[in-house]
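[1] what follows is a predicted protein model with its sequence.
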Amino acid sequence: MTGNPVDRTVVVSSPGKVLLAGGYIVLDRKHTGLVFGLSARIHVLAQEIPTSSGVHLREIVVRSPQFLNATWRFGYHLVANGGGIKVTQLQSGTPVDSNHFVETTLNYVLSYISHADPSRATRGFEPASLLVLADNDYYSKPQDSTTTPNTSNPPRFQHFSTTLRNAHKTGLGSSAAIVTSLTASLLAHYLPPALFDLSTPHGRRILHNLAQVAHCSAQGKIGSGFDVASAVYGSCVYRRFSPGLLGALPGPGEAGFAEALVGLVDDDGEKEGGKWDYEIDKESVGLPKGVAIRMCDVDCGTQTVSMVKKVHAWRDENPEAAGEVYGKLQGKVDALAKALKRGEVESVEKVMGPFRELMRGLGKKSGAAIEPESQEEMLDALEKVEGVLGSVVPGAGGYDAAAVVLRDDEETEKRVEGFLREWSKSHGIQVGLMNVKGETEGARLEDPREFKAWVAAE
Ligand SMILES: Nc1ncnc2c1ncn2[C@@H]1O[C@H](COP(=O)(O)OP(=O)(O)O)[C@@H](O)[C@H]1O
Ligand SMILES: C[C@@](O)(CCOP(=O)(O)OP(=O)(O)O)CC(=O)O
């Protein structure tokens, strides 16, 4: 049979996240968190690397052209004893920093595919190129940049004139978004639709489980997983999976890894005896017309891990008091989801103030700077701007970008921008309204033709 080979070029994008309410409590399966997906997405385009006949190339190349020195080349081989596929970063010329999240994801996803699709045993993996394009809001603009969103149109995917290691993240969840998009694009590129189809609930479940496992492994810790859940499913009220689920899984390359991974990822939590027990409730979440969630970038970050340690130490020493605070915080998660979904603007205002107070209280009790004084002062003033319904330091809190719930109209936006400009001047800091907005959709296929210019710019 003749004919053109099938073009397996795919692009998948996944949203960033903002945990509007439920930080800390969502780590406990008794509780839930209200997470919104964001309009800032990370796109990954996967395509075959054409080779001339007779040339045998075994390489997977991942490029992130918005950063300096950000091309990672990997060789790959099948490990004995069912250890799956192991990739090895290849170095040639200028040494390149490793990219642990990308490397780990490749180990997990290729191992999954090698066992889930029996035909791979003989066919192996054709060489592939993966292009990563992140929306600009994931990183603060380079210091010397003269382009601001207000004065000119920066390119859709800006160059940050720095290495990824030195880039300033704004805290929108870049690792969860890239792991999810990379996982989905590899699955869609290498597997036939009968084995992976992102548009079906089954496909999304496979993507979620695999991305969650790979992300936990790359992070070296098991968080609540709300960031991967929202990268896959978009905005939702999220109840975490039991962390013990991942305990029995061998590591990449260890005997029996591929089979155990497929067994775990394909496990259907909906079925009786199923292991995965996370819950994604999209029904209770919505953003009514006329209300928007925006983010304010303060250009510094926070170490979530040390804050979680402090909160947990306090919780363990004061179980009763903690139970009470956690219960009250859960009440705010539920009330905020309800008020936003129903578009009850006054209720949003009424819930968000006391919610901030509770989080500040948790911070004071545990010694974690959940709402540092500088943030408190700014958010108090910001909430007085007409059209602002409420604000919060999302997730674990700290100095990450703050979230603002506001009326979705130009006048409010102008007033908020004006306020932040004045605040920056009078406080000698750099705080601005990011373009990013809360939105509800999760991971999705994109039209590869839209990304032609960036593929060509190699
Ligand atoms: N644009 C990108 N291209 C390639 N890798 C990326 C990109 N953005 C993020 N990553 C990966 O994600 C890691 C950042 O993860 P992390 O520190 O957990 O940030 P975040 O809090 O944004 O999730 C980077 O070190 C890199 O491995
Ligand atoms: C404390 C948490 O409940 C929320 C942390 O939310 P952030 O949005 O602050 O997370 P990072 O992106 O990792 O900084 C931990 C968790 O749920 O895993």
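    That came through, no problem. Note that this is a predicted model, so its numbers are computed, not measured. Ligands and ions are numbered 1, 2, ... in the order given.
[2] what residue in the stretch 251-400 of the chain comes nearest to ligand 2?
    Closest residue of the stretch 251-400 of the chain to ligand 2, C-beta to the nearest ligand atom: residue 395 (2.3 Å). Every C-beta, even on glycine, is put in place using the N, C-alpha and C of the backbone.
[3] pretty sure that residue is touching residue 295, no?
    No: using C-beta atoms under 8 Å, residue 395 makes no contact with residue 295, being 11.4 Å away.
[4] intersection of neighbour lists for those two?
    Common neighbours of residue 395 and residue 295, counting by C-beta atoms under 8 Å, 6 or more residues apart in numbering, are residue 18.
[5] about what we covered before: quick check, the residue of the stretch 251-400 of the chain closest to ligand 2 in a helix?
    No: going by DSSP: H, G, I helix; E, B strand; the rest coil, the assignment for residue 395 is coil, not a helix.
[6] from residue 72, how far out is it?
    Here residue 395 is placed at a distance of 28 Å from residue 72 (C-beta to C-beta, to the nearest Å).
[7] over to residue 266?
    From residue 266 to residue 72 the distance is 28 Å (C-beta to C-beta).
[8] what does this protein put close to ligand 2?
    Counting by C-beta under 6 Å from any ligand atom, the chain comes close to ligand 2 at 19, 23-24, 26-27, 171, 173, 223-224, 226, 304, 308, 394-396, 400.
[9] switch the cut-off to 8 Å
    Applying C-beta under 8 Å from any ligand atom, one finds that the chain approaches ligand 2 through 17-19, 22-27, 33, 171-173, 175-176, 223-227, 240, 301-302, 304, 307-308, 311, 394-398, 400.
[10] list only buried entries from those residues.
    17-19, 22-27, 33, 171-173, 175-176, 223-227, 240, 302, 304, 307-308, 311, 394-398, 400 (16 or more other C-beta atoms under 10 Å).
[11] the more surrounded of residue 266 and residue 72?
    The neighbour comparison of residue 266 against residue 72 (other C-beta atoms under 10 Å) goes to residue 72, with 23 against 15.
[12] so that one sits in a strand?
    Yes: according to three-state DSSP, residue 72 belongs to a strand.
[13] the top strand by length along the chain near ligand 1 at all?
    The longest strand of the chain (DSSP state E) is strand 33-48. Yes: Strand 33-48 lies within reach of ligand 1 by C-beta under 8 Å from any ligand atom, at residue 42.
[14] so residue 297 touches residue 401, yeah?
    Yes: at 4.8 Å, residue 297 counts as touching residue 401 under the criterion of C-beta under 8 Å.
[15] quick check: neighbours shared by these two?
    Contacts common to residue 297 and residue 401, judged by C-beta under 8 Å, 6+ apart, are 170, 434.
[16] neighbour count winner among these two?
    Between residue 297 and residue 401, counted using other C-beta under 10 Å, residue 401 has the larger neighbour count: 27 against 23.
[17] how many neighbouring residues does the closest residue to the more buried one other than its chain neighbours have?
    Distances taken as C-beta to C-beta, 6 or more residues apart in numbering put residue 295 closest to residue 401, at 4.4 Å, once the chain neighbours are dropped. The local packing of residue 295 (other C-beta under 10 Å) involves 26 other residues.
[18] was I right to think residue 295 contacts residue 432?
    No: Residue 295 lies out of contact with residue 432 (C-beta under 8 Å); the separation is 9.8 Å.
[19] mind exporting the C-alpha coordinates of stretch 112-126 to PDB?
    Provided in PDB are the C-alpha atoms of stretch 112-126 (Å, rounded to 0.1, in the frame of the first residue of the first chain):
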ATOM      1  CA  TYR A 112       3.500   3.900  29.900                       C
ATOM      2  CA  ILE A 113       3.200   3.900  26.100                       C
ATOM      3  CA  SER A 114       5.700   1.000  25.700                       C
ATOM      4  CA  HIS A 115       3.500  -1.200  27.800                       C
ATOM      5  CA  ALA A 116       0.000   0.100  26.900                       C
ATOM      6  CA  ASP A 117       0.600  -0.400  23.200                       C
ATOM      7  CA  PRO A 118       2.000  -3.900  22.500                       C
ATOM      8  CA  SER A 119       3.000  -2.900  19.000                       C
ATOM      9  CA  ARG A 120       5.700  -0.700  20.500                       C
ATOM     10  CA  ALA A 121       7.700  -3.700  21.500                       C
ATOM     11  CA  THR A 122       8.700  -4.300  17.900                       C
ATOM     12  CA  ARG A 123       8.300  -0.800  16.500                       C
ATOM     13  CA  GLY A 124      10.100   1.200  19.200                       C
ATOM     14  CA  PHE A 125       9.700   4.900  19.200                       C
ATOM     15  CA  GLU A 126      10.100   7.100  16.100                       C
END
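[20] contacts for that stretch?
    Stretch 112-126 has contacts (C-beta under 8 Å, 6+ apart) with 48-49, 58, 60, 76, 78, 82, 84-85, 110, 186-187, 190-192, 195, 210, 258-259, 261-262, 265-266.
[21] one more pass at 7 Å, please.
    With contact meaning C-beta atoms under 7 Å, 6 or more residues apart in numbering, stretch 112-126 is reached by 48, 76, 78, 84-85, 110, 187, 190-191, 195, 210, 258-259, 261-262, 265.
[22] tell me the angle of the longest helix along the chain relative to strand 33-48?
    Counting residues, the longest helix found in the chain (DSSP state H) is helix 319-342. Calculated by axes from the mean of the first three to the mean of the last three C-alpha atoms, to 10 degrees, helix 319-342 forms an angle of 70 degrees with strand 33-48.
[23] now whichever helix or strand comes after helix 319-342: mean pLDDT?
    Following helix 319-342 in sequence order, the next helix or strand is helix 345-366 (DSSP states H and E). Looking at helix 345-366 alone, the average pLDDT works out to 96.
[24] one more: stretch 225-233?
    Here stretch 225-233 scores 98 as its mean pLDDT.
[25] keeping just the C-alphas, turn that stretch into PDB.
    The C-alpha trace of stretch 225-233 is given here as PDB (Å, rounded to 0.1, in the frame of the first residue of the first chain):
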ATOM      1  CA  GLY A 225      -2.300  17.600  43.200                       C
ATOM      2  CA  PHE A 226      -4.800  20.400  42.700                       C
ATOM      3  CA  ASP A 227      -2.500  22.000  40.100                       C
ATOM      4  CA  VAL A 228      -2.300  18.900  37.800                       C
ATOM      5  CA  ALA A 229      -6.100  18.400  38.400                       C
ATOM      6  CA  SER A 230      -6.900  21.900  37.100                       C
ATOM      7  CA  ALA A 231      -4.400  21.600  34.300                       C
ATOM      8  CA  VAL A 232      -6.300  18.600  33.100                       C
ATOM      9  CA  TYR A 233      -9.900  19.400  34.100                       C
END
